[in-house]
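Chemist: Below are the sequence and a predicted model; questions follow.
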Amino acid sequence: MAHSIVGYVLTIIIFTYCGRKLGWFLSTRVFYRLPDDGMLFVLLCIWGFVVWVFSMDIIRNFEPTTIFKWLLSYGSCTYVAIPNYGLIDRSTIPAKEIGKHKMISRTSNFLVIFLIIVSEYSNYKNV
């Protein structure tokens, strides 16, 4: 069912705001505190998958045009998928923690981008 563009934009704004706050919370309380990189990788993949699922749900519910889908839905999805974006000034991170910081910054975002490409490709093949 198609909904109004205003409702769609408001939903994206709420998704982005809440997702950003939750990402910062998880980063400070969980991701940066985990000593095990394997568990961190798994949790970041779960974070990326959950963000992607919410974004796809918004797309399915509002059926935005292609431009809105790519700019707003996928744009906010990739933004929210980086849980520590804007949280920490990179110059303040100790050298021994830079690897963990990069892992937190990139893992879920790469997964989200991969899932977007796969879902768009499968939609294209089904047309």
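Modeler: All right, it came through fine. Numbers count the residues shown, from 1 in each chain.
Chemist: Next one: the residue most central in space within the chain relative to Leu22, how far apart?
Modeler: Residue closest to the average C-alpha location in the chain (CA atoms, centre = their mean): Ala81, at 2.0 Å. Using CB to CB, to the nearest Å, Ala81 is found at 12 Å from Leu22. In this view, the C-beta of every residue, glycine as well, is placed from N, C-alpha and C.
Chemist: Same question for Thr28.
Modeler: Thr28 sits 11 Å away from Leu22, going by CB to CB.
Chemist: One more: Ile67?
Modeler: Counting by CB to CB, the gap from Ile67 to Leu22 is 27 Å.
Chemist: So for those two, which sits in the more crowded spot?
Modeler: More neighbours surround Leu22 than the other of Ile67 and Leu22, with 15 against 8 (other CB atoms under 10 Å).
Chemist: For that one, which non-adjacent residue is spatially closest?
Modeler: Spatial nearest neighbour of Leu22, excluding adjacent residues (CB to CB, 6 or more residues apart in numbering): Pro83 at 8.0 Å.
Chemist: Repeat that for Leu34.
Modeler: In space, Leu34 is closest to Leu40, 4.6 Å off (CB to CB, 6+ apart).
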